[in-house]
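# From the sequence below, what's the structure:
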Amino acid sequence: MPSRIEAYALIGDTHTAALVGRNGSIDWFCLPRFDSGAVFAALLGDESHGAWSLAPEGQTATPRRRYREDTLVLETEFTTATGRVRVIDFMPHRHEHPTLVRIVEGLDGAVDMRLRLRLRFDYGWVVPWVRHTEQGIHAIAGPDAVCLQTPVELVGRDMATEAEFTVRRGERIPFLLAWHRSADPVPGRFDAEAALTRCTDTWREWASRCSYDGPWRSAVARSLITLKALTYDPSGAIVAAATTSLPEQLGGPRNWDYRYSWLRDATFSLLALMSSGYLEEAREWRSWLLRAVAGDPAQLQIMYGLDGERRLTEIELDWLPGFAGSRPVRIGNDAARQLQLDVYGEVMDALHQARRAGLGVDEDAWELQRALVEYLEGRWREPDDGLWEVRSGRQHFTHSKVMAWVAFDRAALAVQRHRLPGNAARWRERADTVHAQVCREAYDPQRGAFMQAYGSSALDASALLLPLVGFLPPDDVRVRGTVDAIRRELCSDGLVQRYRTDSAGADGLSGGEGAFLLCSFWLVDNLALRGDTDEAGEMLERLLGLRNDVGLLAEEYDPVGGMQLGNFPQAFSHVGLINSAHALASPRGPAQCRARRAPGR
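Here you go, the predicted structure:
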C-alpha cells in the first residue's frame, strides 16, 4: 500500500471517482456516487478491503505517469527488464452504467502482466458472490452488482479474481468494470477504444473553454478539471473531496468524511468558475445552492448531500484500520448539525457575486435571501461553532461576525444596485453595527491584530478574509498588522496553519494537523491586494510545488515530513489556486473584485 496520499491520481465521471496509485492499484472507488459505499477501500485498510491491481510482474523502474493534456485520462508507464507497457485509466462520462476502463498498451518488447481484483462492497465489509461469464465475471451482493469484461482469461483464487498475461508492442488489451443495480440486467458489451476517444475529446472540449491565459495556465486548467471531476453532474453540487477519513496527521483522529457539499465553498467556487469562463457550471452550482437551502431559514445547514440531503449521520467503521493506521474511519459528518452563522453570509455573498457576473436575478432566490437575512438579524449576536467546526464549545468567533456583516452588506447592495425589494437602510445600519462591534471586540491593539474570537488571545488564519470580503481595505493598518502577525505565528516554512492546535482546549480534539493549503492561498491573495505582487508570486510558486506529479493537492501539507495530508483531492485547495492565479494575473482578479471599502471608512 502507498504510504503517501500524493501517491494517488484521480479519475472520475462527474458522478463518482476512483484513486489510482503509482503502483497500478485502484484503492478507492465508491459506486454509484461519491457518497456511496466503496467497492475498493484498501486506501483505508489493505487489499483485503477491496482493490484492483494491474501492473507488470517484474517492474524495474519507478513508474512514470501523466494525464493526457487537458483531460482526466491517466497514463502510467512501467518499465521492466523485457520491455515497456502503459496502463490507461479513465471513466467515460456517465451513460447508463458507471464504468471504469483500463487499457494495457504494449510499448516495447514483451511484458508479463498480473491482475488481481478483490471486490468488496460497503467499504470492504461485504464479500460478493462471483461467477464467470462469457465476457469475464459478474459479482453480486444485496443491492450491488459489478461485471468485469475482458478478453483475458480470469481465474478465482483466495476470494479474489486473478489473471496473468503477456502484452507485446502494439497490443492493447481492455478491462471494463461496470456497476449496476443487482435487480437490473447485466450491462452489454462495451467498446473501450471508442469510449477512450469520446472521453478524451469531451474533456479537451471542456478545458478549451477556460478563459484564463496567465502565466499559470497549466496549473489553473488542471485545477479546473479537478473541480469539474468533483462535481456531481445531476445536481451541480461540488463535493469537498473524493474521500473520507484521510488523516490531517498520520496516526491522528482528525479524520472526516468530505464527500459532501459545504455552503462556505460557494463563493470561492463560484468565483473560480465564473472568472475562468465557466458560467454554466456556476449557474448549476447556484441552482443547487438554492435548492439545498430552501425551506425554514432556522434549519440552514453548513453542508448538504449531493442532492441536498440533510441527514448526514456520522458513524465509525471499526473494521477499517485507517490510512497509515489513522483511526477512526468515519462516514457521515456530525458537523452538519453545528450552528455556524457564517454560512448565512457566504450564501448571501455567493448570490451577490452571481448577480455581479451576469447570471441574472431570480425573484424566488431573492425572496429566500430576504428570509435568510431577516432570520440572521435575530441571531447574529449569538456565539456559534465557527467555520473550522471545532468541538470545544461555542464562542463569538470573529469570522462568523464578519460574515454576518457580509450578509447585511450584500442585502443592502442588492436593493441599492439591483433594485430588488427590501429595506436597504435597515440592513446598512445592521452592517455598520456589526462592523463596529468586530472592530471593538475582536481587535487587540496590543498585538495589532484581529483575534480568533472576542476575548481570545489566539490568532486564526480566517482573519485573512477580512480584506477579501471587503470588511476592511487591504492597506488598513489593522489588516496589515493581522497579516504580519499570522505570518509570524501561524506560518511554518512559508505555509499557513489555521490556528495553533497545540494550545489547551484549542478545538476540543486531540492531535495536530498540517498547514492548511487554502489559508496559504488566502495569504497570496492578501499580498497581491496590498501590492506585494513579487512576494505573492513567489509564494504561489511555492504552493504549486507542493502538488503531486499529476498536479493534485490534498487539504493540508506537512512541511516537516514533506507530505500531503487530509482528504484528496481537495476542491477548496484547487479553488484557492485558481483564485490566487487570477488575483495575480490581473488587478481585477477575484480577490480584487470582492474587496471594497466598508461604508464610511
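# Just the endpoints, please. Distance across stretch 133-145?
Across its full length, stretch 133-145 reaches 14 Å end to end, with Cα to Cα, to the nearest Å as the criterion.
# Please spell out which residues along it are buried.
Within stretch 133-145, the residues that count as buried by 16 or more other Cβ atoms under 10 Å are Gln135, Gly136, Ile137, His138, Ala139, Ile140, Ala141, Asp144, Ala145. Yep, even glycine has a C-beta here, placed from its N, CA and C like the rest.
# Greatest separation within those residues: which pair is it?
Farthest pair in the buried residues of stretch 133-145 (Cβ to Cβ) is Gln135 and Ala141. Separation: 19.6 Å.
# Tabulate the buried residues of stretch 133-145 in a markdown table, adding columns for distance to Phe521.
Formatted as a markdown table, the entries for those read as follows, by distance: Cβ to Cβ, whole Å:
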| residue | distance to Phe521 |
| --- | --- |
| Gln135 | 47 |
| Gly136 | 45 |
| Ile137 | 45 |
| His138 | 46 |
| Ala139 | 43 |
| Ile140 | 45 |
| Ala141 | 43 |
| Asp144 | 39 |
| Ala145 | 42 |
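# And those, which is closest to Phe408?
Comparing every one of those with Phe408 (Cβ to Cβ), the shortest separation belongs to Asp144, at 48.3 Å.
# Show the low-confidence segments of the stretch 451-600 of the chain, by residue range.
Regions of the stretch 451-600 of the chain meeting the criterion pLDDT under 70 cover residues 503-508, 511, 586-600.
# Apply 80 and report the result again.
Residues of the stretch 451-600 of the chain meeting the criterion pLDDT under 80: 501-512, 586-600.
# do the same with the chain
Where the chain drops into low confidence, which here means pLDDT under 80, it does so at 1-3, 58-61, 95-96, 266-267, 360-364, 389-392, 501-512, 586-601.
# In it, where's the longest strand?
Under DSSP state E, the strand in the chain containing the largest number of residues is strand 99-118.
# Next secondary structure element downstream of it?
Reading on from strand 99-118 to the C-terminus, the next helix or strand found by DSSP states H and E is helix 121-124.
# hey, where'd the strands end up in the stretch 351-500 of the chain?
Counting by DSSP state E, counting those that start in this stretch, the stretch 351-500 of the chain has these strands, from start to end: 443-444, 449-450, 491-492, 495-496.
# Mind listing the strands the third one pairs with, and their directions?
Put plainly, it is strand 491-492. strand 495-496 (antiparallel) (DSSP bridges).
# Now do the next helix-or-strand element following the partner strand: everything it contacts.
Scanning forward in sequence from strand 495-496, with DSSP H and E defining helices and strands, the next element found is strand 515-516. Taking contacts as Cβ atoms under 8 Å, 6 or more residues apart in numbering, the residues outside strand 515-516 that touch it are 461, 491-493, 495-498, 555-559.
# could you say what helices and strands the longest helix belonging to the chain packs with?
The helix that spans the most residues within the chain, counting by DSSP state H, is helix 398-418. In terms of contacts (3 or more Cβ pairs under 8 Å, 6 or more residues apart in numbering; DSSP states H and E), helix 398-418 is packed against helix 342-356, helix 363-377, helix 424-441, helix 465-468.
# can you list those helices in CSV and add mean neighbour count and distance to Val167?
What follows is the helices and strands packed on helix 398-418, written out as CSV (neighbours: other Cβ atoms under 10 Å; distance: least, Cβ to Cβ, whole Å):
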stretch, mean neighbour count, distance to Val167
helix 342-356, 24, 50
helix 363-377, 18, 55
helix 424-441, 17, 64
helix 465-468, 26, 52
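# between these, which one is nearest to Tyr232?
Counting by Cβ to Cβ, Tyr232 lies closest to helix 342-356 out of the helices and strands packed on helix 398-418; the figure is 17.6 Å.
# how about the CA coordinates for that closest one, as PDB?
Taking C-alpha atoms only, helix 342-356 is exported to PDB below (Å, rounded to 0.1, in the frame of the first residue of the first chain):
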ATOM      1  CA  ASP A 342     -21.100  32.500   8.900                       C
ATOM      2  CA  VAL A 343     -22.900  30.400   6.300                       C
ATOM      3  CA  TYR A 344     -25.600  33.000   6.000                       C
ATOM      4  CA  GLY A 345     -23.000  35.500   4.900                       C
ATOM      5  CA  GLU A 346     -21.500  33.000   2.500                       C
ATOM      6  CA  VAL A 347     -24.800  32.200   0.800                       C
ATOM      7  CA  MET A 348     -25.600  36.000   0.500                       C
ATOM      8  CA  ASP A 349     -22.200  36.700  -0.900                       C
ATOM      9  CA  ALA A 350     -22.300  33.800  -3.400                       C
ATOM     10  CA  LEU A 351     -25.600  35.000  -4.800                       C
ATOM     11  CA  HIS A 352     -24.300  38.600  -4.800                       C
ATOM     12  CA  GLN A 353     -21.300  37.600  -6.900                       C
ATOM     13  CA  ALA A 354     -23.500  35.600  -9.200                       C
ATOM     14  CA  ARG A 355     -25.600  38.700  -9.900                       C
ATOM     15  CA  ARG A 356     -22.400  40.700 -10.500                       C
END
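# and the angle from it to helix 398-418?
Here helix 342-356 points in a direction 30 degrees away from that of helix 398-418 (axes from the mean of the first three to the mean of the last three Cα atoms, to 10 degrees).
# which other helices and strands contact helix 342-356?
helix 265-275, helix 279-293, helix 363-377, helix 398-418, helix 590-594.
# and if we set it to 6 Å?
Counting contacts by 3 or more Cβ pairs under 6 Å, 6 or more residues apart in numbering; DSSP states H and E, the secondary-structure elements packed against helix 342-356 are helix 265-275, helix 398-418.
# mind listing what's buried in the longest strand of the chain?
Neighbour-count burial for strand 99-118 flags 99-107, 111, 113, 115-118 (criterion: 16+ other Cβ under 10 Å).
# try stretch 529-549
Result for stretch 529-549 [16+ other Cβ under 10 Å]: buried residues Leu529, Arg530, Asp532, Ala536, Gly537, Met539, Leu540, Leu543, Leu544, Leu546, Arg547, Asn548.
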